[in-house]
Each structure stands twice: as C-alpha cells, then as structure tokens.
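K.L.:
Build me a model from this:
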Amino acid sequence: MSFDTSHSNSTSSTLEETITQFEYRQSIYSFLGLLILIGASIIANNLHLQSVAEQSTKYVTRMIQLGQMREVNFVLEEALNTNFKSITYKSKNSSHNFTMPPALALIKNKIPLESLLRDRVIVPVNNSLSKQDEEVIIYEYNRFSLVPYATMLWFFILLITIPQTRLVKRRLIEQFEKDLVIEKSKAHASISDEVRHNLRTPLASLMRLPARLPETMSQDKELLKTSIEQIQKITAALDYKKINQTTDQAISDSIYDTIYKSINQIKATLPSNITFNTQIDDSLCSAKIPHIPVELQIIIGNIVNNSLDALQISPGTISIRAKDLAPDLIIEIEDDGPGMDSSILAHVFEKGFSSGKMNGTGHGLYHAYNWINQWGGSIKAASEPRRKTRITIQLPISERESWYVPRLKFKSHEKIFILDDQITVRQLWKIKLGENGIHSNVYLLSNIKEAKVILYDPLLELNSSTFLFDYDLKESETGLDLLKLIPKHAQRYLVTGHFDQAEIQEACAKNGIYLIPKSEIAELPIVIV
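P.N.:
Here you go, the predicted model:
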C-alpha cells in the first residue's frame, strides 16, 4: 500500500505560507498606518495650539497696553477652557505672576506620567509699558488630545479596507489555484502522452482481430468490438493537445443514455455464473446532469469489475439501481460478495489504496471519487462483512426536459380524454383517476376514429380539456399526430413506452406536448385544483 501525499501537502503548505505572509504584511501596514495617524495628530495638535497661544498672547499684550486688565482675564480664561490645561504668567516682578487655574500654583512637582502627556508653548509678552523684561505666558496642553480622533479615523479606514483586503486575498487564492491547475495539467499531459503512446501499438493489433474471427463467434466479435471502442475513447480522452477543443463536446446532459450504455457493455462481459439485476427509473430520461459519458461508463465498469473480483469464481449477484429521487440521481451498485472490514472501507477512495488484488493500482475508486466530485456529486461505500458491498453515487439533477411531467393537475369539472388501444391501460387510468376522486367527465377511447369524433366536435371546448394519448395505436397515425391537431393551450400528454426515443422527445419539446412513460402511470401524483 502506498500513498502519494507529498505533492498535495507541499501545495497546501505553500498556499498557507502565502496567505500567512499576506495577512502578516496587512497587519504591519495597518499598524504603521495607525502610528502615522497618531504622529500626524500630535504634530497637528502642537502646531494648532502654538498658533492659538501666539494669537492669544498678542491680544493680551494689546489689552495690557490699553489698561483693560478685565479683558486680559477673559481672553486667558477662554483660551484655558477651550484649548489648554493651564496658563501661567511669569515675570521678574513676582506680583505680576499668576497661574490659571489657581490651584495648579500650589502643586510644585508633577508626576512623571503627567509630564509625558503634557507639553507647553512659551510666548514672550511684548509690553512696552512694563519696565520688566522677560515676561512670558506659558501655555500647557495635552499633547495627545487628538490621538483618540486619529484612532477613530484609523478604525473607520480599517472598516472600509477590510472588504478590499478580503477581495485581494480571494483573488490571490484564485490565482494560486489557477497556477496549480496549470502545473497539474502539464504533469498530467506528460503522463497521458506516455500512456497514449503505449496504448496505440497493441490497439492497432486488436483492431485487426474482429475481421479474422468466424461468424460462429458473433458474440465474441461483438464483445471485442465494444472493448476496442472503449479503448479508443480512453485514448482520445488522453489527447491533451485537443482537450481544450473537445471538453465542451464531451460533456452530455443525458444521464439515462449513459447508464443504459454502461449496462449493455457490462451485460456483454459478465460470466455466466453471475446474476445481473438492473432497475432504472424511466423518469430519469427527463433528467439533465452534466457529465462526461465515457468517464461515467468507465466508473460504473470499474465498480462492477471490483464486484467480480470480490466474487472471484463463485456464483453471485450484482445489481445496478438508478433512482430518480429529485432533485438527485442515485446510482447503487451492489454485490453479495464477502464484503469489506471497516478498516479497509475507510480508505477505498484514497489514491494508491488497493486491497485483495494482486495487481491492483488503487486508481479505480480514486478516479471515480474525483470525477463524481467534479460533477457536484458524491460517492460512498458501505459494506456488511460476509454479506454484501454497496457503492452509492449521488449526482444533482441540474434541470429537466421541457416535456417532463412531475405531476398531473386537473380542474374539478374539466373533461379528460384517454386514448389507448390496450384495455388494461385504459382501465389503469380509470382506477387511478377514481382513487383521486375523478369519476365523471372521463372518456376512454380505443382508436383514432373515436378520437377524431371528439376532436372535430364543434361543441367541445378543447382548450379547457385534458388529453392523454398513447403513441403507438397500430394505425397509420400516432397519438402524437393527433395531439398536434389540438390547440397548444389545452393540456396535451403523450403516454408511451417509446418515451426514450430521441425523435419523440424532440417532437414533444418542439410542439409543447408533455411526455409520460407508461411505466410511470401508477406512481404519477395527481392534483385537483
């Protein structure tokens, strides 16, 4: 057993390192931005208060010269209340000295933290009336008074830039994933070239064999042709030089056709001692599930091969069930082999894991797991030791064909016309409608003549009636031909066992006619409105 996890681990660690470095740089830039805003607020506060102090001092000087000491008091008090923590007038004449507020004059020593928080502006007083020199006014202020506003601005900018940062982070991850896909594609292309080259030589030899086999071996010839076609499809899928041109063409929505082709291929290869049971819901013919048919066929084939390996040479049963559990498709592949222990079951989808096979590569279920997940689905394994193993594939149904009928809706008094040449089908409709409370206004028709009498009745309001017509009436015209004669506003349903024929589906879609598989009659819900 071997596991190739080194590349995935290194890729994951590289992505994590890139994201970590990006987030670290963003944190550093954010912190530097905060420091710059704080520094700018301190500088702006200092310049502003210095200007205010100088203007206040000029005004005070003028008032002193005019002898208006009361005005001096008012100016300094206003400056104190609006901008400064304290104002001190210092003069050599001690009688001129004062401090505002007065209580600060009694405090001789300031605590260190307060000295750190505060700064001062010293402005000389130009007083020509005074004989004293060096009279100054000292304005003391909180140097960090604008820091809270700077912090709020930083926080606001941070809130604005968070979405942008997330966008850049997401784009970084997307670009990293794109680069990773390119690297994987290059590595895959190299491996594919080698595998394709090694397949083509034996394939050329195999292609000559069917023509050499006698007609008595017709079944073997058919099996060989099918196998060769499968190998050719795989070889074509490995051609990476054309992958960009063929990917869209390779994708299909018709899951019903893919499942049936897979089953037919499996039937042609199963040993005679294996009982093969299949059950496919006919309603799946309306389901659209984007997938690559050749890949899904390979997946189903590989799972069945695993069941055959588990059964070995002993008789056994393999069952495939495809269920329409809207909005999902469920494919169950089950065998009654020896089953698996829980220790093995936990690793079956891991790359390189193989158990019970001498030449197992461990790529089958790993390949299935990758493709199913790529199509938006899931795959699970369950097992009962010594009893059975079941693989369950779930795929989401993206949409339905326009002719799909999830339920029948009838108005309480409308007329319902049922045309079918088989009496058992007519009786089935009668019983089903009766179970839903519809006993009157139901008309059972057995041939085209009876139907045309109804359709050409001038008194019948076709638009307010419902028509359920069989397709194959064993006559020159089909039920589809008759439904085309009915106005499009009427409720028109084609009920047939030929529901899976592409031309019938296309005609129904083109003419706005609903299509019901006959097998769905008994289970189709009915709603009375």
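
K.L.:
In terms of helices and strands, where is the most centrally placed residue in the chain?
P.N.:
Nearest to the geometric centre of the chain sits residue 376, at 8.0 Å (CA atoms, centre = their mean). Under the criterion of DSSP states H and E, residue 376 resides outside all helices and strands.

K.L.:
For stretch 509-526, the averaged confidence score.
P.N.:
Averaged across stretch 509-526, the pLDDT comes to 92.

K.L.:
sorry, back to before: just give me the neighbour total for the residue nearest to the residue nearest to the centre of the chain when sequence neighbours are not counted.
P.N.:
Counting by CB to CB, 6 or more residues apart in numbering, residue 396 is the residue found nearest to residue 376 once chain neighbours are left out, at 5.2 Å. Just so you know, the C-beta spots here come from the backbone N, C-alpha and C atoms, and that holds for glycine as well. Using other CB atoms under 10 Å, the number of residues around residue 396 comes to 14.

K.L.:
same thing with residue 136?
P.N.:
14.

K.L.:
Next: residue 156.
P.N.:
Neighbours of residue 156 (other CB under 10 Å): 10.

K.L.:
Pull up the gap between it and residue 149, please.
P.N.:
11 Å (CB to CB, to the nearest Å).

K.L.:
cool, and residue 526?
P.N.:
To residue 149, residue 526 is 71 Å away according to CB to CB.

K.L.:
before we move on, what about residue 53?
P.N.:
21 Å.

K.L.:
and if you look at residue 94?
P.N.:
Distance from residue 94 to residue 149, by CB to CB: 40 Å.

K.L.:
Neighbour count for those two, which is higher?
P.N.:
residue 149 (13 against 7).

K.L.:
So for the more buried one, what pLDDT did the model give?
P.N.:
Per-residue confidence (pLDDT) for residue 149: 89.

K.L.:
quick one: contacts for residue 321?
P.N.:
Applying CB atoms under 8 Å, 6 or more residues apart in numbering, we find residue 321 in contact with 278, 279, 280, 330, 331, 332, 334.

K.L.:
Residue 384 now?
P.N.:
Here residue 384 is in contact with residue 339 (criterion: CB under 8 Å, 6+ apart).

K.L.:
so what's it bridging to?
P.N.:
residue 388 (DSSP bridges).

K.L.:
how far away is it from residue 401?
P.N.:
Note on residue 384: its distance to residue 401, by CB to CB, is 38 Å.

K.L.:
And residue 179, by the same measure?
P.N.:
Separation of residue 179 from residue 401 (CB to CB) stands at 40 Å.

K.L.:
go on, residue 279?
P.N.:
21 Å.

K.L.:
Those two - which one has more neighbours?
P.N.:
residue 401 (17 against 10).

K.L.:
quick one: low-confidence ranges for the stretch 201-350 of the chain?
P.N.:
201-212, 216, 219, 221, 229-230, 232-250 (pLDDT under 70).

K.L.:
That one: strands as residue ranges?
P.N.:
252-254, 274-280, 287-291, 316-325, 328-335 (DSSP state E, counting those that start in this stretch).

K.L.:
quick one: which of these is nearest residue 26?
P.N.:
strand 287-291 (38.7 Å; CB to CB).

K.L.:
Show me what that closest one is in contact with.
P.N.:
251-256, 258, 324, 329, 375, 395-401.

K.L.:
Sort out which of the residues you listed are buried, if you could.
P.N.:
252, 253, 254, 255, 256, 258, 324, 329, 375, 395, 397, 401 (16 or more other CB atoms under 10 Å).

K.L.:
And the fourth one, how close does it get to residue 279?
P.N.:
What that stands for is residue 255. 15 Å.

K.L.:
The first one too?
P.N.:
To residue 279, residue 252 is 22 Å away according to CB to CB.
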